[in-house]
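Colleague: okay, predicted coordinates and the sequence, questions at the end:
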Amino acid sequence: MPRRGHARPGPGAVLLCSFAAGSVPFSNIAARKRAGVDLRDVDGGTVSGTNLFRVAGFGPLAIAGICDVAKGAVGPLLAGPDRPVLAAASAGAAVAGHNWSPFLSGAGGRGISPAIGALAVTAWPGSALLLGGLAAGRIVRQTALASFVADVALVPLLGAMRGRRAALVGACVVTPMIAKRVLGNRPPAQSGWRVRARRVMFDRDDP
């Protein structure tokens, strides 16, 4: 029970704060400040650390990356450990804000960094899994595919290691991550299930 005189934010306020924090496009801000580039105009238009590194280098990537991870933890921290469903929903809200930022007219990244931050507060093995997927992808030069494998494994891994509450957090963060892969920031040049499957697995439209 919260102490008298220390009222906590209600569910609506927690979800709103989480979405608002998640929607701040730190990578795009860094790209504009450092290189004068809008990441929506780079490669496939993903507002991501990968594209930020391409245009601005490691320093801005490190700073923006820390901020993107931290913003994912805002909602779960406000919810607290005694409101697990709200913490899970706020984790998903942060990822959704990052992926469909109102500051970028609905564009955004893929949600990995805020998901790592949210999971660090609620179910840390999930953060380790996503980081492992990124690291493995860098090694084999297939970051998108390795991250997809980590996404698919997230919910069953958390369920087995930490139970239903952790699995719920995993489901809440991975849903907008997969959805963003399917929808992207731009409509596909071609239609068909192969194009959608390619987007989901490899996060791109070209073969």
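Modeller: Arrived safely, thanks for sending.

Colleague: tell me how far stretch 59-66 is from the chain's mean position?
Modeller: 15 Å (C-alpha atoms, centre = their mean, to the nearest Å).

Colleague: tell me the buried residues in it?
Modeller: Pro60, Leu61, Ile63, Ala64, Gly65 (16 or more other C-beta atoms under 10 Å). C-beta here means a position set from N, CA and C on the backbone, and glycine is covered the same way.

Colleague: from the residues you listed, which is closest to Gly133?
Modeller: Gly65 (15.2 Å; C-beta to C-beta).

Colleague: returning to what we had before: biggest separation within the buried residues of stretch 59-66, which pair?
Modeller: Applying C-beta to C-beta across the buried residues of stretch 59-66, the maximum distance is between Pro60 and Gly65, 9.1 Å.

Colleague: who does the helix or strand hosting Ala89 touch, helix- and strand-wise?
Modeller: Secondary-structure assignment from DSSP states H and E places Ala89 in helix 84-99. Helix 84-99 makes packing contacts with helix 11-23, helix 58-79, helix 112-122, helix 164-183 when contacts are defined by 3 or more C-beta pairs under 8 Å, 6 or more residues apart in numbering; DSSP states H and E.

Colleague: in a markdown table, list these along with distance to Leu158 and mean pLDDT.
Modeller: Below are these laid out as a markdown table (distance: least, C-beta to C-beta, whole Å; pLDDT from 0 to 100):
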| stretch | distance to Leu158 | mean pLDDT |
| --- | --- | --- |
| helix 11-23 | 19 | 97 |
| helix 58-79 | 14 | 95 |
| helix 112-122 | 8 | 97 |
| helix 164-183 | 4 | 94 |
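
Colleague: so of these, which one's packed in deepest?
Modeller: Highest mean neighbour count among the helices and strands packed on helix 84-99 (mean count of other C-beta atoms under 10 Å): helix 112-122, with a mean of 28.

Colleague: mind giving me the packing neighbours of it?
Modeller: Judged by 3+ C-beta pairs under 8 Å, 6+ apart, helix 112-122 is in contact with helix 58-79, helix 84-99, helix 124-140, helix 164-183.

Colleague: quick check: which of those is nearest to Ser18?
Modeller: Of all the helices and strands packed on helix 112-122, helix 58-79 comes closest under C-beta to C-beta, at 2.7 Å.

Colleague: nothing else from me, thank you.
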